[in-house]
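Participant: Following is a predicted model, sequence given first.
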Amino acid sequence: MKVVYAKQSASIMMPEGYPVMVPLGTHWWADDPVVRANPDLFSDDPRHGLVGHAPADEVEAATVNPGEKRSVRRG
């Protein structure tokens, strides 16, 4: 079953009259009625669900590549 991720936090009023909270970065089944009623709030990009932040275009590497030097400042 496909999973999608909330791109933003929202409070949604369902047609049946009850509210649903959609927290940023939460995982939802793609066939959930909340997702089907509000597809613009969700993405199938898993980066949206990692830490609850929109995906960054670039991420700094935590380690250096072979042959690469990293400058370090120590106080």
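Facilitator: Structure received.
Participant: Relative to residue 12, how far out is residue 19?
Facilitator: The gap separating residue 19 from residue 12 is 7 Å, by C-beta to C-beta, to the nearest Å. Every C-beta, even on glycine, is put in place using the N, C-alpha and C of the backbone.
Participant: Comparing those two, which shows the higher neighbour count?
Facilitator: Taking other C-beta atoms under 10 Å, residue 19 and residue 12 do not tie; residue 12 has more neighbours (13 against 8).
Participant: hang on, that one in a strand?
Facilitator: Yes. Using DSSP: H, G, I helix; E, B strand; the rest coil, the secondary structure at residue 12 is a strand.
Participant: For it, give me its contacts.
Facilitator: For residue 12, the contacting residues are 19-22, 34, 37-38, 41, by C-beta atoms under 8 Å, 6 or more residues apart in numbering.
Participant: Please apply the same query to residue 37.
Facilitator: 12, 14-15.
Participant: For it, give its distance to residue 68.
Facilitator: For residue 37, the distance to residue 68 - C-beta to C-beta - is 48 Å.
Participant: Show me which of the contacts of residue 12 is closest to residue 48.
Facilitator: Comparing these against residue 48 with C-beta to C-beta places residue 41 closest, at 10.4 Å.
Participant: What's the local residue count around that closest one?
Facilitator: 19.
Participant: and it, what does it touch?
Facilitator: 6-8, 10, 12, 22, 35.
Participant: one more time with 7 Å, if that's ok
Facilitator: By C-beta atoms under 7 Å, 6 or more residues apart in numbering, the residues touching residue 41 are 6-8, 10, 22.
Participant: Closest to residue 74 out of the contacts of residue 37?
Facilitator: Among those, residue 12 lies closest to residue 74 (C-beta to C-beta), at 49.6 Å.
Participant: measure that closest one to residue 67 for me?
Facilitator: 51 Å.
Participant: go on, residue 15?
Facilitator: To residue 67, residue 15 is 59 Å away according to C-beta to C-beta.
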